[in-house]
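Chemist: Sequence and predicted structure are below.
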Amino acid sequence: MKTESKISAKKSWAKSLARPAAEFPLTQLSVKSGKIPEGLRGTLYRNGPARLQRGGMNAGHWFDGDGAILAVDFSDVGATAVYRYVQTAGYQAEEKADRFLYTNYGMTAPGPVLLRWTKPVKNAANTSVLALPDRLLALWEGGAPHSLDLETLETQGIDNLGNKDSKFAYSAHCKRDPITGNIFNFGITPGLSTKLNVYQSDFTGKIVNKATVALDGIPLLHDFVLAGKYLIFFVPPVRLNLAPVLAGIGSYGDSFEWKPELGTQILVFDSETLSLVSRGETDAWFQWHFANGFVTEDGEVAVDFVRYADLQTNQRLKEVPTGETRTDAEGTLCRVHLNPQTGKVIGIEELLDKACEFPVVPASEIGQDSRYIYLAMYRADVDIVAERYGAIARLDTQNGNLTIADCGENRYPAEPIYVPDISSEKGWILTVVYDGNSDSSEVWIFDSNGLSRPPICQLELPGVIPLSFHGTWKSAV
C-alpha cells in the first residue's frame with residue numbers, strides 16, 4: 001500500500017476548482033497565437049465537475065461535482081464556444097436550496113443518520129459525453145444519461161435510449177465501433193445479486209441488444225474495452241461494504257474495500273451477440289481507464305490500460321477538491337495479452353514506466369491495432385504527489401518512442417483528443433489548458449505528428465474551465 005507524502009503545498013491547479021465555474025453563452029473565440037487549421041471542422045465537447053462547493057461546504061470527492069459541458073465549434077468563420085451546466089433535477093434543487101441535499105459518490109445526504117440511506121443519489125452528469133446524430137449525451141455511470149442540444153447545450157432531460165428498466169445505468173465510457181457504427185456500453189445493477197448489464201446500440205443511440213451476467217459483490221467498474229470482435233471487462237478486486245452506506249455513516253466512495261485476495265476477474269463477451277465467451281482470473285490490480293484493445297494475428301487479444309497497484313488512487317482523487325493532494329498513487333501504461341476463449345492472461349508488459357492517465361487512440365482505430373496512444377503526463381522534475389498533469393504525450397507502441405508536449409509551469413492540459421483533418425491525412429490533438437499563471441483557460445491545437453513543437457494555435461476561452469474528465473469530437477462531415 002502506498003504511503004502519504006509528508007509535504008503538502010497548494011498548487012496553481014487548485015485555483016481552477018476553488019470556486020464554481022461560471023457558464024458563458026455562445027462566444028466567438030479570439031486567437032491568441034497561430035492559426036486554426038483549415039481542415040479542422042467540427043465540435044469538441046468536454047465534460048467535468050464544475051461546482052464542488054455549496055452553502056459554504058465542499059463536495060466530498062472530485063466525482064461529486066455538478067457536470068458542465070464545454071462545446072467548441074470550428075467552422076469557416078473561426079471558433080465559437082459555449083459552456084453550460086447540465087440541468088439535472090439534483091442540480092436544480094440544490095441551486096434553489098443553496099446547499100447539498102443528496103447522497104453522492106463521496107457524500108452522505110444531510111439529515112438524520114438513520115434516514116440517509118433512503119435519500120436518492122444525485123445524478124451528477126459529470127464524467128463524459130457521447131455525440132449522437134441529433135443530440136449530445138452527458139454521461140455518469142451511476143444512472144441514465146441526460147440529453148442535450150448539440151448546439152446550445154440546453155438540457156432536454158433524462159434519456160433512457162429506449163430502455164425500460166427503472167434502474168437503468170449507462171456508464172461513462174461507451175465504445176463506438178468505427179467499422180459497424182454500433183455503440184457498446186454497460187451499467188451495474190447493485191444489490192444482493194449484482195448484475196453487469198452490457199448494451200449494444202445502433203448509431204442513433206437506441207439500445208438494440210442487452211446481455212446480463214451476475215457479479216460477485218458490488219465492484220468498482222469504470223471502463224471496459226472493445227477489442228475486435230470482443231468486449232472485455234477487467235473486474236478489479238474492489239467490493240462495496242454496504243453496511244456503512246445503509247447505516248448512513250459512510251459514503252459509497254469511502255466504503256469500497258481493496259480485497260487483493262479476490263484477484264482481477266476477466267470477462268470476455270462476443271461483440272456481435274453479447275454472449276459471454278469466457279471468464280478468467282489473474283493478479284490483483286486496479287484500473288480506471290483503457291486505451292484500446294485488438295486481436296493479434298495469432299488470435300490472442302492485447303489490451304492497453306493504465307494499471308494501478310491498488311485502490312489508493314481513489315483517496316488521491318478524493319483530495320483533489322481540497323486543492324492539496326498528499327497521497328502517492330499513480331498508474332503506468334501496461335499491455336495485457338490474453339486468450340479470449342479462456343480468459344487466461346498469457347503475459348503482461350509495461351509500455352511506459354512513467355505516471356500517466358487519460359489514454360486515448362484515434363476514434364477510427366478503436367478496437368484495432370493502433371500504433372499511437374495519446375495521454376496526459378506530468379512535467380519533468382515536478383512533485384507528482386502535489387501536482388496535476390502538466391503535459392500531454394504520444395507513445396509509439398511499435399518502437400517505444402515518447403513525444404512530449406510540456407505545457408509549461410502552472411499550465412494543466414485536459415485529456416488529449418485526436419481529431420482527423422477533413423481534407424487530408426493529417427491529424428490534430430486538441431486539449432483544454434487551464435493556465436494558473438493568468439487564471440484562465442484556453443484551447444490548444446497541436447499537430448499530432450509534432451507534439452514536441454509548440455501548439456499551432458491557441459484560442460482564448462471567456463471563462464475558467466475547471467480540470468475536467470473526458471471529451472469527444474463530432475466532425476462537421
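Modeler: Perfect, thanks for sending it.
Chemist: List the buried residues for stretch 205-213?
Modeler: Judged by neighbour count (16 or more other C-beta atoms under 10 Å), stretch 205-213 contains these buried residues: 205, 207, 211, 213. No exception for glycine: its C-beta is placed from N, CA and C like everyone else's.
Chemist: Dump that stretch to CSV, restricted to CA.
Modeler: The C-alpha coordinates for stretch 205-213 follow below in CSV (Å, rounded to 0.1, in the frame of the first residue of the first chain):
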residue,chain,number,x,y,z
GLY,A,205,-28.1,5.5,-29.6
LYS,A,206,-31.1,3.2,-29.3
ILE,A,207,-30.4,0.1,-27.4
VAL,A,208,-31.0,-2.9,-29.7
ASN,A,209,-29.4,-5.8,-27.6
LYS,A,210,-28.7,-6.4,-24.0
ALA,A,211,-26.9,-9.1,-22.0
THR,A,212,-26.8,-9.6,-18.2
VAL,A,213,-24.3,-11.6,-16.1
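Chemist: Pull the distance from that stretch to the chain's centre.
Modeler: Its chain's C-alpha centre and that of stretch 205-213 lie 22 Å apart, by C-alpha atoms, centre = their mean, to the nearest Å.
Chemist: Same check on stretch 352-367?
Modeler: 12 Å.
Chemist: what about it, start to end distance?
Modeler: With C-alpha to C-alpha, to the nearest Å as the measure, stretch 352-367 spans 20 Å from end to end.
Chemist: and if you look at stretch 337-344?
Modeler: For stretch 337-344, the end-to-end distance is 9 Å (C-alpha to C-alpha).
Chemist: How about residues contacting that stretch?
Modeler: With contact meaning C-beta atoms under 8 Å, 6 or more residues apart in numbering, stretch 337-344 is reached by 227, 230, 232, 266-268, 277-282, 295-296, 299-303, 345-349.
Chemist: Asp254 versus Asn241, what's the distance?
Modeler: Distance, Asn241 to Asp254, by C-beta to C-beta, to the nearest Å: 9 Å.
Chemist: Which of the two has more residues huddled nearby?
Modeler: Asp254 (20 against 15; other C-beta atoms under 10 Å).
Chemist: What are the phi and psi values at the more buried one?
Modeler: phi -80, psi -10 (degrees, to the nearest 10).
Chemist: do the one 10 residues further on as well
Modeler: When read as degrees, to the nearest 10, the backbone of Thr264 gives phi -90, psi 130.
Chemist: thought it was touching Trp285?
Modeler: Yes: proximity of Thr264 to Trp285 meets the contact threshold set by C-beta atoms under 8 Å, at 5.6 Å.
Chemist: quick one on the thing from earlier: pick the one among the buried residues of stretch 205-213 closest to Arg388.
Modeler: Within those, the smallest distance to Arg388 is 32.6 Å, found for Gly205 (C-beta to C-beta).
Chemist: Can you tell me how far the residue nearest to the closest one when sequence neighbours are not counted is from Phe234?
Modeler: Of all residues not flanking Gly205 in the chain, Leu132 sits nearest, at 4.6 Å (C-beta to C-beta, 6 or more residues apart in numbering). Computed as C-beta to C-beta, the Leu132 to Phe234 distance reads 27 Å.
Chemist: Who has more neighbours out of these two?
Modeler: Phe234 (23 against 18).
Chemist: Show me the beta-bridge partners of Phe24.
Modeler: Counting by DSSP bridges, Phe24 forms beta bridges with Tyr83.
Chemist: Quick one, grab the pLDDT at it.
Modeler: Looking at Phe24, its pLDDT reads 98.
Chemist: quick one: it and Gly463 touch, right?
Modeler: Yes: with contact defined as C-beta under 8 Å, Phe24 reaches Gly463; the gap is 4.9 Å.
Chemist: so what sits against both of these two?
Modeler: Contacts common to Phe24 and Gly463, judged by C-beta under 8 Å, 6+ apart, are Tyr83.
Chemist: if I look at Thr264 and Trp285, which residues touch both of them?
Modeler: With C-beta under 8 Å, 6+ apart, Thr264 and Trp285 have common neighbours 234, 236.
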